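>>> When you get a sec, could you give me coordinates for this:
(one chain, ligands or ions: 1)
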Amino acid sequence: GIYNDVDELPQNLNFDFIVVGGGTAGNVVANRLTENPSFSVLVLEAGPSPEGLLNHTVPFFSIFLRDQSPFDWNYTTVPQIGFNGRALQYPRGRILGGCSSMNRLAYVRGSSEDYDRYSNITGDRGWSWNEIQPYIRKNERWTSPTDNHDTSGQFNPAVHGFHGINSVSLAGFPSPIQDRVIQVTKELSGEFPFNLDYNSGFQLGVGWAQSTINHGKRSSSFTSYLGPEFIGRPNLHVLLNSQVTRLLQTNSAPAEFLTVEFAQSSDAPRQRITATKEVIVSTGSLETPKLLLNSGIGDPEQLSQFGIKPLVNIPDVGKNLSIQPMLTLSYFVNSTNTFDDIIRNLTLRSELIRQWSETDGGGPLGNGPYGTHQIFTRLSKNSTAFKTSPDPAAGPNTAHIQSGTQAGPNSISNGNISPPPEGHFMTISLSLNTPTSRGSIQLNTTNAFDQPLIDLGCLTTDFDVLALKEGIGNAQKFVGARAWDGYVLGPLSNITTSSSDAELEAFIRANASPNGHIVATASMSPQGAQHGVVDPDLRVKGIERLRVVDASILPFVPSANTQFAVYIVGERAADLIKAAW
Ligand SMILES: Cc1cc2nc3c(=O)[nH]c(=O)nc-3n(C[C@H](O)[C@H](O)[C@H](O)COP(=O)(O)OP(=O)(O)OC[C@H]3O[C@@H](n4cnc5c(N)ncnc54)[C@H](O)[C@@H]3O)c2cc1C
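Numbering: from 1, shown residues only. Have a look, this model is predicted:
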C-alpha cells in the first residue's frame, strides 16, 4: 500500500529491503523484489503521489513541470563558467515516480555500443547490449498509438517488448511537420537517412519518435511498476513525504549501513528503520552523492571539513558528473498550425483538455512535446573537434548529436515556457550526447534538507563547444532542405549559416542549457578498482548490503535520453539482489 504518514505504516513489520527513493529505478526494484512473497519491501519517498495531478498525466503538459513547484527539488546550480556564469534553475521530480513522473517522455535507448562500453569498462558482460535484452522485454510494453493509425514503416516490432510493464508508443496525433521531415530523409539521404527504428541498437539517422505514453497518458514508474495490479501486494509498502537524511552505520567490520534515518519535514523528528537484508539507494544522481556524503561515505578530507566523521573512504562520491548540454534553434514558419497557441491561448487549451478527457487521451495533448522525430548524427570524420579530444562516443556507430523536430516554439525545450507573443515556429533541439566536460555534486551544509552544490561543468572543454557548433551546422543543413521551402521563413535567433565562429560560440554560451540526463556521480567500476563508487553488481565499494540503483551509477551518459537506461539498471539490479538472497 501507499501511506502518507509514518503512523499509517503497519506496526511490528520487519522490512527485508528498504528502497530509498521511489523514483524511476526505485519503483522497479520494489516491484521486482516483491514478486517474491517472502521478501518485504519498504520504499521511502521524499515527495507526494502524482495521483490526480493533470500536469503529471497529460503528456504535452510536461512543459509546465519546469518551474519551481512543491513537487520539485527546485535546484539552482552554482554559476556555470561554460554558460557565461549563469546559475541555472534545474528541475527534478520530488514526487513518487521521480523524474519519470515529470520528464519529457522520450524513449531512447542509445546505441548497442553504449552498453557494450559499460560492459567493457566494468568487466561485467551483464551490462552488454546482448545481455540486457531480457530486461528490455521485461520493461517495455509496446502500445498502439491513441489514434490507432497504421504504424507499419514507423518502427520495427522485432526489437520491442510487448508484454512488459512500462508503455511505449508512437505519437497518437499527427504533427503538421512530420511529412516534411520524412521528405528530408529522402532529399538528404546521405546525411539524414531514414532509420526505421533508432532503438534497435543502431541509432544513426532519422526515426519516428517513441515515447513512454500509454494511450495519451504518461507512463511512469509510478503508473506502471506501482500500478493497481501491484500496489496491493501485502509485502510492498510505500511511505510518502519521507526524506532519508542519513544512512547509519550498523556494523564496522564488515561495514554495513542497514539503518535509515528519515523525517517527514525538515523540522520533524528524525525516525529510524532498519532493514534486515539490504538498503538500496535510488535517490538519483543529485541526491545519492549527498546522502552518501552525509552518511560519512566519501572523500575523508572533504567530510572532515564539514565535521562529518569519515566512515568509508570512497573519494569519487559526487565526482565525474556528466550531462548533455543542449540548444534549441527556432524558425518562423508560414503557418498557424503549430503548437504555439496551445501554450499562449487558454481557451484553446481548455478545449483540448476537454478533447483529451472525452476521447481518453486523444488530440495533441496526448503527445509528448518532444516532437515528431529523433535525428542521430555523428560529427564529420575530419571535424576540428577531434583535434582536441579522442572520439568520446562509445563506438563508430554512436551519435554525437541528437536532435528533435517540433512544430512549436524554442521555449518548450528550454524550461522557459513563455513563447514569443507573436508568430508560429518550428524548432530543432539539439543535444551533445557525448560530452567530455565533467562536473560534481558536493555538500553545501550538513543539513539533509539543504541543496548540495551542483556544478554541472558543462562546456568546459573545447571539444564540447566545437561539437555543438557542428551540431548547429547540421541543424542548418536539415532546415535548408527543399522540403521546408515556402514553410520555414527564417530563424528566430540571429544565427545564420554565415555566422562566424565567434558568434556561434557566443550564442552557445548564452543560450545552451543542461538537459535532464545527469549521470556518473556514483559510477560503477570494476570489482576491486580504487576509482568509482560501486562495483558492477552495484554494491557500494567496501560496504556490505548497501547498493546504489539509479542513474548515478552510469559511468558515461548513453547517447540518448536516460530513462530507458535507468529502467534497465533497475531491472537488472533487482535480479542481482534476488540472486544474492
Ligand atoms: C526535466 C527533465 C526532462 C527529462 N526528459 C527525459 C526524457 O524525455 N526522456 C528520458 O529518457 N529521460 C528524460 N529525463 C531523464 C530521466 O527522467 C532520468 O534520468 C531518470 O528518470 C532518473 O531516474 P533515477 O531513478 O535515477 O532518479 P529519479 O527518477 O529522480 O528518482 C529519485 C527519487 O528519489 C527521491 N529522493 C531523493 N532523495 C531522497 C531522500 N533523501 N529520501 C527519500 N527520497 C528521496 C526523489 O524524490 C525521486 O522520487 C529527464 C529529466 C528531467 C529532469
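>>> what comes into contact with the longest strand belonging to the chain?
In the chain, taking DSSP state E as the definition, the longest strand is strand 271-281. With contact meaning Cβ atoms under 8 Å, 6 or more residues apart in numbering, strand 271-281 is reached by 6, 14-21, 26, 29, 39, 42, 44, 247-248, 250, 257-264, 288, 291-292, 540, 545-550, 573, 577, 580-581. Placement of C-beta: from N, CA and C, glycine included.
>>> Now, the residues you listed that are in strands?
Counting by DSSP E, the contacts of strand 271-281 contribute 15-20, 42, 44, 247-248, 259-263, 546-548 to strands.
>>> just these that are near the ligand?
20, 44 (Cβ under 6 Å from any ligand atom).
>>> Setting aside sequence neighbours, what's the nearest residue to residue 353?
Spatial nearest neighbour of residue 353, excluding adjacent residues (Cβ to Cβ, 6 or more residues apart in numbering): residue 365 at 6.7 Å.
>>> what sits against the residue in the chain that the ligand sits nearest to?
When distances are taken as Cβ to the nearest ligand atom, the chain reaches nearest to the ligand at residue 23, 1.7 Å away. Residues near residue 23 by Cβ under 8 Å, 6+ apart: 45, 93, 97, 98, 99, 100, 221, 282, 283, 284, 550.
>>> My guess is residue 49 contacts residue 94. True?
No. Counting by Cβ atoms under 8 Å, residue 94 is not a contact partner of residue 49; they are 11.8 Å apart.
>>> can you pull up the bridge partners for residue 272?
Beta-bridge pairing of residue 272, defined through DSSP bridges, involves residue 261.
>>> neighbours around it, how many?
10 (other Cβ atoms under 10 Å).
>>> what are the ranges of the helices in this protein?
24-33, 112-122, 129-139, 178-187, 228-231, 284-294, 300-305, 340-344, 346-358, 411-414, 462-479, 501-511, 563-580 (DSSP state H).
>>> which residues are in contact with the third one?
Which is helix 129-139. Contacts of helix 129-139 (Cβ under 8 Å, 6+ apart): 28, 109, 112-116, 119, 125-126, 161, 163-166, 201, 564, 567-568, 571-572, 575.
>>> more crowded one of residue 49 and residue 94?
Between residue 49 and residue 94, counted using other Cβ under 10 Å, residue 94 has the larger neighbour count: 24 against 21.
>>> looking at it, the more buried one is touching residue 71, isn't it?
Yes. Applying Cβ under 8 Å, one finds residue 94 in contact with residue 71, separated by 6.0 Å.
>>> Those residues of this protein touching the ligand, which are they?
Residues of the chain lying near the ligand (Cβ under 6 Å from any ligand atom): 20-26, 44-47, 91-94, 98-100, 103-106, 108, 243-244, 282-285, 287, 291, 516-517, 550-551, 561-564, 566.
>>> Filter those down to the buried ones and hand me the PyMOL line.
Applying 16 or more other Cβ atoms under 10 Å to the residues of the chain next to the ligand, the buried members can be selected in PyMOL as follows:
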select buried, resi 20+21+22+23+24+25+26+44+45+46+47+91+92+93+94+98+99+100+103+104+105+106+108+243+244+282+283+284+285+287+291+516+517+550+551+561+562+563+564+566
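>>> Quick check: which ranges of the stretch 301-450 of the chain have low pLDDT?
Applying pLDDT under 70 to the stretch 301-450 of the chain picks out residues 370, 410-419.
>>> at 50 instead, please
In the predicted model of the stretch 301-450 of the chain, residues 413-415 satisfy pLDDT under 50.
>>> weakest of the helices of the chain in terms of mean pLDDT?
Mean pLDDT across those is lowest at helix 411-414; the value there is a mean of 53.
>>> who's in contact with the closest residue to residue 518 other than its chain neighbours?
Nearest non-adjacent residue to residue 518, counting by Cβ to Cβ, 6+ apart: residue 285, 4.1 Å away. Going by Cβ under 8 Å, 6+ apart, residue 285 touches 321, 441, 518, 519, 520, 521, 522, 550, 551, 552.
>>> and stretch 98-118, how far apart are its ends?
Terminal residues of stretch 98-118 are spaced 24 Å apart (Cα to Cα, to the nearest Å).
>>> Spatially nearest residue to residue 447 (excluding sequence neighbours)?
residue 266 (7.5 Å).
>>> I'd guessed that neighbour sits against residue 445; true?
No. When contacts are counted by Cβ under 8 Å, residue 266 is not listed as touching residue 445 (11.8 Å).
>>> joint contacts of residue 94 and residue 71?
Joint contacts of residue 94 and residue 71 (Cβ under 8 Å, 6+ apart) are residue 47.
>>> Let me have the helices of the chain in JSON lines, extended by distance to residue 210.
Converted to JSON lines, those look like this (distance: least, Cβ to Cβ, whole Å):
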{"stretch": "helix 24-33", "distance to residue 210": "17"}
{"stretch": "helix 112-122", "distance to residue 210": "17"}
{"stretch": "helix 129-139", "distance to residue 210": "13"}
{"stretch": "helix 178-187", "distance to residue 210": "14"}
{"stretch": "helix 228-231", "distance to residue 210": "24"}
{"stretch": "helix 284-294", "distance to residue 210": "23"}
{"stretch": "helix 300-305", "distance to residue 210": "41"}
{"stretch": "helix 340-344", "distance to residue 210": "22"}
{"stretch": "helix 346-358", "distance to residue 210": "20"}
{"stretch": "helix 411-414", "distance to residue 210": "18"}
{"stretch": "helix 462-479", "distance to residue 210": "20"}
{"stretch": "helix 501-511", "distance to residue 210": "28"}
{"stretch": "helix 563-580", "distance to residue 210": "10"}
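>>> how about the strands in the stretch 351-500 of the chain?
Using DSSP state E, counting those that start in this stretch, the strands of the stretch 351-500 of the chain run over residues 373-377, 401-406, 425-432, 440-442, 453-455, 488-491.
>>> can you redo the ones you listed as TSV with mean neighbour count?
As requested, the strands of the stretch 351-500 of the chain are exported to TSV (neighbours: other Cβ atoms under 10 Å):
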stretch	mean neighbour count
strand 373-377	26
strand 401-406	26
strand 425-432	28
strand 440-442	22
strand 453-455	20
strand 488-491	15
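>>> Point out the one among the ones you listed that comes closest to residue 62.
strand 401-406 (12.7 Å; Cβ to Cβ).
>>> Within the sheet, what are the partner strands of the closest one, with directions?
Sheet pairing for strand 401-406, using DSSP bridges, gives strand 373-377 (antiparallel), strand 425-432 (antiparallel).
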